[in-house]
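**Q** Whatever this is, show me its structure:
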Amino acid sequence: MTYKTGPKNLITDIAGLRVGNAQDAALKSGSTVLIGDVPFTASVHVMGGGPGTRETDLLAPDKTVQQVDALVLSGGSAFGLDACSGVADGLRAMGRGFTIGDVTVPIVPGAIVFDLINGGDKAWGTNPYPALGRAALDAAATDFDLGSVGAGTGTMAARQKGGLGSASVVLPDGTTVAALVVVNALGSVTTPGDHHFWAAPFEMNGEFGGLGPDPKGGYTAPDTSLKEQAMGLHAAQGANTTIAIVATDAPLSKTQCHRLAVNAHDGMARAIVPSHTPLDGDLVFGVSTSSAAPIDHAGYAPIGAAAATCLSRAIARAVYEATPMAGDLIATYR
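**A** Predicted coordinates for the structure are as follows:
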């Protein structure tokens, strides 16, 4: 079968989705928002041992709310969860939200990464994340940058700076599947030697350098973590997480969105070694923008597979596109 990326190779290749980023260079952190022109169906699956989340319980397949207004990915650890409040305020001002009587309540689940020890100035007097969330919402567009922007501004993987990544693929039947990710992993995205990406077999059009798979092979673990050394921490302190959104324009039920998130974790494990540790907060949101009747199991299967490979590619792109900033604790891939 023939596969190609979407026109932008971004999650916004799915019609009706927009992404906004906001960051503070001194803080060395930021927030990222995914919003739809209309509410979209969403669920979530958590495989990391240390997640930081807001309103994710309502995304379980058995819970009543079927659609959300936006999803937030943010730096800032627990403080960053307040980025969702800034987004909710902005959506309320737009008249967006779940209607109960004459009241409208925006539904804005979110997840955070730990980037509090990354060389940035965290001595704030007022939590900056509500304003960053609102600014990210206001910046939402179909075109957006990757790398050291938004929630990926100050992130780190084991061997290089992390970042914000995205990728898309168009299936032979015209269905688009895409991913958006913030990489702040305990594990490494590169094989020993820091030259080849674990995700290399899934690369399309040289999107993260075109070097191909590591010809050596036989690895069971990455090199020693430069991130832990630079932060003055050890793995048991758990300052890690990779958070992602996978989306499609195929009509999926909320239960199928949950399965989409489950499948996409395969892509995380292929691109980050190790992943899903007790000390990561790894999670994936699954999204469908279509309100048509859900497809059957046979129709779903290639979409779940594509979600996994898209997430692998997005993770590698996040690190490949990262750029250096003053005060960085570790170097960028390039």
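
**Q** Extract the CA atoms of stretch 176-185 and return them as CSV.
**A** The C-alpha trace of stretch 176-185 is given here as CSV (Å, rounded to 0.1, in the frame of the first residue of the first chain):
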residue,chain,number,x,y,z
THR,A,176,-5.8,11.0,8.0
VAL,A,177,-4.1,9.9,11.2
ALA,A,178,-1.8,12.2,13.1
ALA,A,179,0.1,12.8,16.4
LEU,A,180,1.2,15.6,18.6
VAL,A,181,3.7,14.9,21.4
VAL,A,182,5.8,16.5,24.2
VAL,A,183,9.0,14.5,24.8
ASN,A,184,10.4,14.8,28.3
ALA,A,185,11.4,11.1,28.7
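
**Q** Please enumerate the helices of the stretch 201-334 of the chain.
**A** Along the stretch 201-334 of the chain, counting by DSSP state H, counting those that start in this stretch, helices occupy 226-231, 254-271, 297-320.

**Q** nearest to Asn21, of those helices?
**A** Distances from Asn21 to each of these were compared using CB to CB; the shortest belongs to helix 297-320, at 12.6 Å. C-beta here means a position set from N, CA and C on the backbone, and glycine is covered the same way.

**Q** roughly how far apart are the closest residue to Ser290 other than its chain neighbours and Ser291?
**A** Here the nearest residue to Ser290 in space, its sequence neighbours aside, is Pro251; by CB to CB, 6 or more residues apart in numbering that works out to 3.8 Å. Taken as CB to CB, to the nearest Å, the spacing of Pro251 relative to Ser291 amounts to 7 Å.

**Q** More neighbours: the two, which one.
**A** When Pro251 and Ser291 are compared for neighbours, Pro251 comes out ahead with 17 against 12, by other CB atoms under 10 Å.

**Q** mind listing what the more buried one touches?
**A** Contacts of Pro251 were listed using CB atoms under 8 Å, 6 or more residues apart in numbering, and they are Ser288, Ser290, Ser291, Ala292, Ala293, Pro294, Ile295.

**Q** And the furthest pair within those?
**A** Comparing every pair within the contacts of Pro251 by CB to CB identifies Ser291 and Ile295 as the most remote, at 12.9 Å.

**Q** tell me the contacts of the closest residue to Thr99 other than its chain neighbours?
**A** Sequence neighbours aside, Val105 is the residue nearest to Thr99 in space, at 8.0 Å (criterion: CB to CB, 6+ apart). Val105 makes contact with Arg92, Gly97, Phe98, Thr99 under the criterion CB under 8 Å, 6+ apart.

**Q** Ok, Ala60 next?
**A** Contacts for Ala60 were tallied using CB under 8 Å, 6+ apart; they are Ser43, Val44, His258.

**Q** Looking at Ser291 now. What's its pLDDT?
**A** Each residue has a pLDDT score; the one for Ser291 is 89.

**Q** any idea how far it is from Gly16?
**A** When Ser291 is compared with Gly16 (using CB to CB), they lie 11 Å apart.

**Q** likewise Phe144?
**A** Look at Phe144 and Gly16: by CB to CB, they are 15 Å apart.

**Q** Tell me which of these two has more neighbours.
**A** The residue with more neighbours, out of Phe144 and Gly16 and counting by other CB under 10 Å, is Phe144; that gives 22 against 14.

**Q** Show me where the stretch 51-200 of the chain has its helices.
**A** Counting by DSSP H, counting those that start in this stretch, one finds helices in the stretch 51-200 of the chain at the ranges 77-80, 83-93, 129-138.

**Q** tell me the most buried of those helices?
**A** Scoring the helices of the stretch 51-200 of the chain by mean neighbour count under mean count of other CB atoms under 10 Å gives helix 129-138 as the most buried, with a mean of 25.

**Q** what's next to that helix, contact-wise?
**A** Outside of helix 129-138, the residues that reach it under the criterion CB under 8 Å, 6+ apart are 20-24, 29-33, 35, 70, 72, 74, 76, 79-87, 89-91, 150.

**Q** Give the rounded mean pLDDT of that helix.
**A** Mean predicted lDDT for helix 129-138 stands at 98.

**Q** tell me the angle that helix makes with helix 83-93.
**A** In terms of direction (axes from the mean of the first three to the mean of the last three CA atoms, to 10 degrees), helix 129-138 departs from helix 83-93 by 50 degrees.

**Q** centre of the chain versus helix 129-138, how much separation?
**A** Put simply, helix 129-138 sits 17 Å off its chain's centre (CA atoms, centre = their mean, to the nearest Å).

**Q** now the stretch 151-300 of the chain, which segments are flagged as low pLDDT?
**A** Scanning the stretch 151-300 of the chain with the threshold set as pLDDT under 70 gives 233-238.

**Q** Tell me what Leu17 is bridged to.
**A** Each beta-bridge partner of Leu17 is listed here: Gly36, as defined by DSSP bridges.

**Q** show me what contacts it?
**A** Counting by CB under 8 Å, 6+ apart, Leu17 makes contact with Ile11, Leu34, Ile35, Gly36, Asp37, Phe40, Thr142, Ala247, Thr289.

**Q** where does the first one fall, phi/psi-wise?
**A** Same thing as Ile11. phi -60, psi -20 (degrees, to the nearest 10).
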